[in-house]
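Participant: model the following, please.
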Amino acid sequence: MAPAKKITKKVQKAELIAREANIFSMEGEKVGSIALPESIFGVPWRSDLVHQVTTAMQANARQNRAHTKDRSEVSGGGKKPWKQKGTGQARHGSSRSPIWRHGGVTFGPRSTRDYSEKINRRMRVGALLSALSKKAKDGEIILVDTFTMNAPKTAMAKGVLENLAKGAAVADLVTKKSNAALLALATYNANVAKSFHNFGNVMTEEVRNLNPVDVLTHKYLIIENPETAFASLLARAKSK
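Facilitator: The predicted structure follows:
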């Protein structure tokens with residue numbers, strides 16, 4: 001049984017190396033194919049690494065707005081409520097004590113708290129490659145030769161999504177109501193970004209800025225100009 005397992009692993013690895021993906025035009029027609037680099041799309045799935053990096057990135061993006069005032073920050077309370085002795089009541093020095101109504105808060109949330117976490121470069125790149133490999137394995141990557149739009153046109157962007165959904169046989173690309181697709185542009189294109197901006201289920205980003213959180217949040221990853229995009233991703237993979 002042991003030799004059979006080794007042969008199976010070799011066959012799987014050979015299939016992985018030889019895997020190719022179709023390249024579509026904006027009209028949804030197949031215009032070519034390209035081999036998926038193993039160093040980008042053949043990385044094993046590391047759930048522990050991906051979880052650690054994504055949670056750290058979400059913590060770094062967290063905005064700490066919750067803030068309470070302690071007794072020194074609450075306005076008023078400068079005068080002693082009553083004299084120390086002779087009233088028959090408990091002694092108090094300020095009406096802004098935490099045990100008083102309208103007083104300060106004890107151990108409440110403070111805006112000075114820092115939630116950020118350190119992420120090593122190799123961990124960040126490794127998590128991204130693992131996420132890209134999972135997308136490729138699940139067939140959720142769509143390659144487009146180029147996006148050419150002379151002006152921001154939402155109607156044209158809608159037609160492009162419908163064409164790609166039909167050409168790549170992924171109907172939920174246009175029916176999914178949230179986080180349907182992430183468009184990875186080779187370079188920033190204002191017309192393309194503005195054209196897809198009105199879609200609440202589509203996000204645009206440059207390939208060089210891809211991160212595991214955005215890749216895993218959206219179901220489909222649409223990559224423009226695969227050759228240039230893969231070259232940029234290979235450079236990041238080599239820096240790991």
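Participant: what about residue 89, how many residues nearby?
Facilitator: 9 (other CB atoms under 10 Å). Quick note: C-beta positions are derived from backbone N, CA and C, even for glycine.
Participant: can you check the pLDDT for the residue lying closest to it once chain neighbours are set aside?
Facilitator: In this structure, residue 89 finds its nearest non-sequential neighbour in residue 82, 6.6 Å apart by CB to CB, 6 or more residues apart in numbering. We have a pLDDT of 94 for residue 82.
Participant: residue 10 now?
Facilitator: In this prediction residue 10 is given a pLDDT of 45.
Participant: what of residue 215?
Facilitator: pLDDT at residue 215 comes out at 97.
Participant: surely it meets residue 130?
Facilitator: No - taking contacts as CB atoms under 8 Å, residue 215 lies outside contact range of residue 130: 9.8 Å.
Participant: where's the residue nearest to residue 89, which helix or strand?
Facilitator: Assigned by DSSP states H and E, residue 82 belongs to no helix or strand.
Participant: measure it to residue 103 for me?
Facilitator: 16 Å (CB to CB, to the nearest Å).
Participant: more neighbours: the two, which one.
Facilitator: residue 103 (18 against 12).
Participant: what is the burial count for residue 225?
Facilitator: Using other CB under 10 Å, residue 225 is surrounded by 20 other residues.
Participant: contacting residues for the residue lying closest to it once chain neighbours are set aside?
Facilitator: Spatially, and ignoring its direct neighbours in sequence, residue 225 is nearest to residue 186 (3.9 Å; CB to CB, 6+ apart). By CB atoms under 8 Å, 6 or more residues apart in numbering, the contact list for residue 186 reads 146, 206-207, 224-225, 228-229, 232.
Participant: quick revisit: quick check: the residue nearest to residue 89 touching residue 90?
Facilitator: No - with contact defined as CB under 8 Å, residue 82 and residue 90 do not form a contacting pair (9.9 Å).
Participant: and the next element down the chain from the host helix or strand of residue 184?
Facilitator: Following DSSP H and E, one finds residue 184 within strand 181-185. Per DSSP H and E, the first helix or strand lying C-terminal to strand 181-185 is helix 190-195.
Participant: flag the shaky bits of the chain, pLDDT-wise.
Facilitator: 1-18, 240 (pLDDT under 70).
Participant: going along the chain, name the helices of it.
Facilitator: Ranges of helices within the chain are 2-17, 38-41, 47-60, 121-137, 154-167, 172-175, 190-195, 212-217, 226-238, based on DSSP state H.
Participant: which segments of the chain make up each domain?
Facilitator: 2-60+118-238, 63-114 (automatic domain parsing).
Participant: count the residues that sit near residue 96.
Facilitator: Neighbours of residue 96 under the rule other CB under 10 Å: 20.
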